[in-house]
Every structure is written in structure tokens, then in C-alpha cells.
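Peer 1: after the sequence you'll find the predicted model.
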Amino acid sequence: MAQSNIRPASGKLGILTVGLGAVSTTFITGVLMARKGLAKPVGSMTQTDRIRVSREGRTERLAYGDIVPLTPLSDIVFGAWDAYPANALQSALFAEVLKREDIMPVKDELEQIRPMTAAFDRDYARRIDGSNVKPGLTRWQMVEALREDIRNFRQENNLERVVVAWAASTEIYVERDPAVHDTPEALEAAMKADDRVRIAPSMCYAWAALLEGCPFIMGAPNTTVDIPAMWTMAERMRVPIAGKDFKTGQTLVKSGFAPILRTRCLGLDGWFSTNILGNRDGLVLDEPANFHTKEVSKLSTLETILDGEENPELYGDYFHKVRINYYPPRGDAKESWDNIDIFGWMGYKMQVKINFLCRDSILAAPVLLDLCLLSDLAQRAGRWGIQRFLSFFLKAPMHDYLSGEQPVNDLYQQYAMLKNALREMGGYDADQPLD
Ligand SMILES: NC(=O)c1ccc[n+]([C@@H]2O[C@H](COP(=O)([O-])OP(=O)(O)OC[C@H]3O[C@@H](n4cnc5c(N)ncnc54)[C@H](O)[C@@H]3O)[C@@H](O)[C@H]2O)c1
């Protein structure tokens with residue numbers, strides 16, 4: 001490993017997931033199985049990717065853990081909150097993502113992971129009706145209770161560091177209100193005034209994490225940390241934040257395919273994306289107010305890749321529509337269809353059809369692992385606030401929209417950003433400019 005100023009990954013790392021549903025239990029089970037040598041962490045960049053690094057004229061290809069000090073899987077301790085009381089074993093079996101034979105070898109560890117009571121408000125996820133909730137708390141009391149949960153978790157497990165990751169249901173859409181969401185003082189005042197319309201429960205989790213010095217990751221499209229008050233607090237507390245929304249099935253394909261059109265200067269008339277899924281996530285998203293949050297995040301992907309202002313002839317007037325349909329028979333085995341109407345030489349029209357039979361949580365689990373390990377790394381490397389190098393893993397990457405910054409959605413540019421950040425943190429040359 002080259003010279004770097006990163007604090008070592010000594011001691012145990014706690015990962016607290018908000019939500020112990022399909023994604024979280026698939027992630028936890030996979031890590032527990034991998035560390036017993038019973039499964040392979042396929043799809044995880046931190047565990048399998050190797051990148052080219054150069055220093056003082058010498059070039060080699062190294063795994064992430066050989067470039068920067070990453071927490072080994074064996075040093076992770078898991079905890080969670082959920083509105084349902086099921087432990088991680090029960091929840092993994094309920095989710096029906098993994099086969100019993102891939103769960104039972106780590107049954108004992110999973111049984112030990114019992115969710116702490118949730119800071120929950122049914123107005124934010126009407127389709128969830130669990131009993132494992134903190135009763136009758138104001139928003140500020142939620143923050144205080146969650147802070148205590150984090151402290152207890154840290155102490156009971158003798159943890160060096162803790163990362164908090166939201167893998168809970170998508171909340172209803174909360175629009176940014178500058179009067180409440182733009183400064184830490186205003187946000188805290190609204191929490192203390194128990195403003196239940198503009199303060200989502202997820203904001204209480206994020207605030208508690210920041211105040212406890214824990215990196216926070218937003219795996220759903222919720223507004224939560226995507227507001228200036230959170231950015232400022234994250235900088236103030238020297239904590240990395242990342243979001244929003246794990247980039248998994250259809251959006252992964254979209255951010256990988258759209259660059260083909262742009263790179264070859266092919267035009268776009270329309271992009272229709274639809275999918276069916278039948279897990280609990282699909283049930284929550286069947287509620288229009290919750291779907292709207294997802295829709296906003298899914299629609300944003302194309303705008304910066306196929307930029308109508310930069311190239312009005314090709315991308316000035318395309319129709320982009322996204323649909324999610326709850327269809328119980330499919331469970332977690334989502335199927336998505338993309339119909340892309342494009343045009344080429346002399347305006348001649350063509351079509352591309354993509355039919356992806358994916359497994360949502362199988363794609364999300366490695367993304368969650370990488371986000372947790374890399375946020376922990378970022379904190380030890382002294383990188384605070386919005387972590388743009390993690391855009392690779394996210395559907396609607398956070399960016400400073402107040403200053404007019406544009407997010408990077410192109411998968412390959414995002415990969416270059418990720419690799420350059422690792423090179424820089426590891427003390428190697430940053431050799432892939434973005435253009
Ligand atoms: N699977 C993917 O590919 C993917 C991709 C992008 C984003 N996501 C997002 O990840 C999240 C989790 O997905 P999932 O499939 O695991 O869903 P899931 O329904 O299986 O699990 C979510 C869990 O969150 C719990 N929950 C809801 N509100 C809570 C709160 N306030 N506090 C604590 N727990 C709470 C629910 O009780 C539920 O058990 C969703 O928001 C989903 O949109 C998933």
C-alpha cells in the first residue's frame with residue numbers, strides 16, 4: 001500500500017441498517033456467509049474489483065483493500081431498526097430472496113439480530129403496519145431516542161466506528177422547504193416544534209447519526225439528507241453522507257445504456273420504462289405518494305446524460321416515463337421492460353427493447369456493502385459532507401443544487417470518479433480525467 005494519511009481500519013465497524021427487510025437481510029446474510037467462505041460477494045466492488053494505479057512511474061492493478069485500508073468483513077457487527085419485530089432470520093425467510101440452504105448456515109448469527117424499535121410515522125408509509133415502534137414521540141424525541149440506540153449499540157459491541165444506512169421503505173415525497181430545510185438551526189427548530197409535515201422520520205435517523213458522528217447513507221429516494229441543513233451539519237460534524245437511492249436494476253441499465261446514445265450521437269424521441277415487482281417494497285410503492293418519491297429519482301437519471309440544453313437537436317424534446325407496478329406473484333424477482341425510441345442518420349427511427357429479469361435485493365446487497373465500507377473509509381480519510389465519488393452506486397446522486405452543480409449520472413464517468421477517489425486516498429496518481 002502506498003503512503004496515505006488515512007486512519008487505519010482498526011477495531012470493529014458497526015453497521016446499523018434502518019429497515020430489516022429484503023435488502024438488509026440479503027446483505028447481512030451474504031456477508032455472514034462470505035466470511036464463512038460459503039458464498040462469494042459477487043457484484044461488490046470493494047471485494048472483487050481491481051483497478052489500475054500508478055505511482056512514481058510504476059503501474060499495477062490492485063484490489064481496493066490493497067490501495068486503501070478497508071474494514072475486513074470479519075470486523076463488521078450488524079444491528080438494525082424495523083417497524084416489524086421479526087429478527088433477521090425470520091425476516092430473511094419472509095423476504096424469500098435467498099433459498100433456505102443459503103440462510104441456515106448462519107441461522108444463529110441472524111437470530112441474534114433483533115431490530116430496535118423504529119422511529120416510525122404511518123403517514124409516511126401507509127402500507128406498513130408494524131408493532132415494533134417507539135410510541136408517541138415528537139420528532140425531537142425520536143432524534144434523542146435514536147441517538148441513545150446508536151450509543152448503546154456502540155458500547156454493547158465495543159465498536160470503534162458506526163455507519164448508519166437507510167434500507168427502509170420509501171417515504172412519501174417531502175419537498176424541500178428552504179425555511180425549514182436549509183440550515184441546521186431551522187431544521188432542529190422544526191424538529192423541536194414537532195413539524196410532522198416537513199420533518200420525515202428518516203430525517204430524525206440522519207440527524208441522530210450525524211450528531212453521533214456516524215456516516216449516513218440514504219438507500220431510498222427520500223429527501224432526507226438531500227437538503228442544505230444536512231450538508232452543513234455533516235461538514236460540521238466531520239461526517240460523510242451519501243444518497244440517494246441504490247442504483248440497481250432498471251436505472252443501472254439506463255445509466256449504462258444512455259451513454260451509448262450520447263457517445264455515438266444518436267437522437268432520442270422517448271424512453272418508456274416499466275416494471276413489475278411483488279415484494280414489500282413494491283407494495284409500499286403502490287401508494288401514489290410513495291411512488292412519486294421514486295419517480296422523481298428515477299426520472300433524473302437521463303437528464304444529465306442526454307442533455308437537451310447541450311444538444312437540443314438530439315435530446316431537446318424526448319418523452320421519459322417511468323412506471324412501477326405491484327404484482328405479488330413475482331416477489332423480489334422483478335422484471336423490467338425499457339422501450340427506447342431513437343433516431344439516426346437523416347432522422348431515421350429505430351427502437352431498442354431491454355427486458356431485464358433481475359433480482360432486486362441481489363443487486364442491492366453488494367451496493368449497500370460497498371457504500372458502508374467506502375463511507376467508513378471516507379471518514380477515516382478526512383472526507384466529509386456529500387460523497388460524490390459514491391455516485392456510482394446511487395440512482396439520484398447528491399450534489400449541491402444551490403450552487404447549480406450538476407450530478408454525474410453516466411455510469412462510466414461515475415466509475416472514473418470512484419477509481420480516482422481511491423487512487424487519491426491511496427496516494428496514487430489521479431489519472432482519469434472526466435470529460
Ligand atoms: N431492492 C432494490 O434494488 C432497491 C433499489 C433501490 C432502492 N431500494 C430501496 O431500499 C429500500 C428497502 O427495500 P426492501 O426491498 O428491503 O424493502 P422491504 O419492504 O423488504 O424492507 C423495508 C423495511 O423497512 C421497514 N421500515 C419502514 N419504515 C421504517 C422506519 N421509519 N424505521 C425503521 N424501519 C422502517 C419496514 O418495516 C420494512 O421491513 C426501499 O426504500 C427501496 O425502495 C431498493
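Peer 2: Received the coordinates, thanks.

Peer 1: and the stretch 51-200 of the chain, which residues reach the ligand?
Peer 2: Contact residues, the stretch 51-200 of the chain versus the ligand (CB under 6 Å from any ligand atom): 81-84, 95, 118-120, 125, 128, 130, 167-170. C-beta: built from backbone N, CA, C; applies to glycine.

Peer 1: could you redo the last one with a cut-off of 8 Å?
Peer 2: 81-84, 86, 91, 95, 115, 118-121, 124-125, 128, 130, 133, 166-171 (CB under 8 Å from any ligand atom).

Peer 1: out of the residues you listed, name the ones that lie in strands.
Peer 2: 81-82, 166 (DSSP state E).

Peer 1: ok, so of those, who is nearest Gly37?
Peer 2: Distance to Gly37, by CB to CB, is smallest for Asp82 among those, at 28.8 Å.

Peer 1: would you confirm that the closest one contacts Gly130?
Peer 2: Yes: assessed by CB atoms under 8 Å, Asp82 is found in contact with Gly130 at 6.9 Å.

Peer 1: what touches both of the two?
Peer 2: Ala118 (CB atoms under 8 Å, 6 or more residues apart in numbering).

Peer 1: who has more neighbours out of the two?
Peer 2: Asp82 (29 against 16; other CB atoms under 10 Å).

Peer 1: per-residue confidence at the more buried one?
Peer 2: Asp82 carries a pLDDT value of 97.

Peer 1: where does pLDDT dip in the chain?
Peer 2: The chain contains residues with pLDDT under 70 at 1-4, 294, 297-298, 432-435.

Peer 1: what residues does the residue of it found nearest the ligand make contact with?
Peer 2: Nearest residue of the chain to the ligand (CB to the nearest ligand atom) works out as Gly21 at 1.8 Å. Neighbouring residues of Gly21 by CB under 8 Å, 6+ apart: 82, 91, 95, 167-169, 280-281.

Peer 1: which of the residues you listed fall in helices?
Peer 2: Counting by DSSP state H, the contacts of Gly21 place 91, 95, 280-281 in helices.

Peer 1: would you mind measuring from Arg127 to Ile172?
Peer 2: Distance, Arg127 to Ile172, by CB to CB, to the nearest Å: 11 Å.

Peer 1: so for those two, which residue has more residues nearby?
Peer 2: With neighbours defined as other CB under 10 Å, Arg127 and Ile172 compare such that Ile172 has more, 20 against 15.

Peer 1: so the more buried one makes contact with Phe291?
Peer 2: No: judged on CB under 8 Å, Ile172 makes no contact with Phe291 at a distance of 9.5 Å.

Peer 1: please indicate which of the contacts of Gly21 are buried?
Peer 2: Buried residues within the contacts of Gly21, counting neighbours by 16 or more other CB atoms under 10 Å: 82, 91, 95, 167-169, 280-281.

Peer 1: ok, the one helix or strand Trp271 maps to near the ligand or not?
Peer 2: With elements taken from DSSP states H and E, the one containing Trp271 is strand 267-277. No: applying CB under 8 Å from any ligand atom, one finds strand 267-277 out of contact with the ligand, separated by at least 8.5 Å.

Peer 1: now do the strands in the stretch 301-435 of the chain.
Peer 2: 319-326, 335-343, 349-357, 385-386 (DSSP state E, counting those that start in this stretch).

Peer 1: what's the offset of stretch 118-132 from the middle of its chain?
Peer 2: Computed by CA atoms, centre = their mean, to the nearest Å, the chain-centroid distance of stretch 118-132 equals 21 Å.

Peer 1: any buried residues in that stretch, and which?
Peer 2: Buried-residue list, stretch 118-132, by 16+ other CB under 10 Å: 118-121, 124-125, 128, 130, 132.

Peer 1: now, which of the residues you listed lie within helices?
Peer 2: Per DSSP H, these never map to helices.

Peer 1: contacting residues for Pro69?
Peer 2: With CB under 8 Å, 6+ apart, Pro69 has these contacts: 1, 6-9, 377, 380.

Peer 1: near the ligand, which residues of the stretch 201-350 of the chain are found?
Peer 2: So the stretch 201-350 of the chain meets the ligand at 201-202, 205, 219-222, 245-249, 251, 279-281, 283-285, 294, 332, 334 (CB under 8 Å from any ligand atom).

Peer 1: let's go with 6 Å and repeat that
Peer 2: Proximity of the stretch 201-350 of the chain to the ligand (CB under 6 Å from any ligand atom) is limited to residues 201, 219-220, 245-246, 248-249, 279-281.

Peer 1: if we can go back for a sec, and which of the ones in helices among the contacts of Gly21 is nearest Arg147?
Peer 2: Ser91 (24.6 Å).

Peer 1: I'd say the closest one and Ala83 touch.
Peer 2: No: counting by CB under 8 Å, Ser91 stays clear of Ala83, with 11.5 Å between them.

Peer 1: need the contact list for Asn275.
Peer 2: Asn275 touches 249-250, 323-325, 334-337, counting by CB under 8 Å, 6+ apart.

Peer 1: put the buried members of these into a PyMOL selection.
Peer 2: A single PyMOL command selects the buried members of the contacts of Asn275 (16+ other CB under 10 Å):
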select buried, resi 249+250+324+334+335+336
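
Peer 1: for the residues of the stretch 201-350 of the chain next to the ligand, work out which two are farthest apart.
Peer 2: The widest separation within these (CB to CB) is 26.1 Å, between Pro201 and Gly249.
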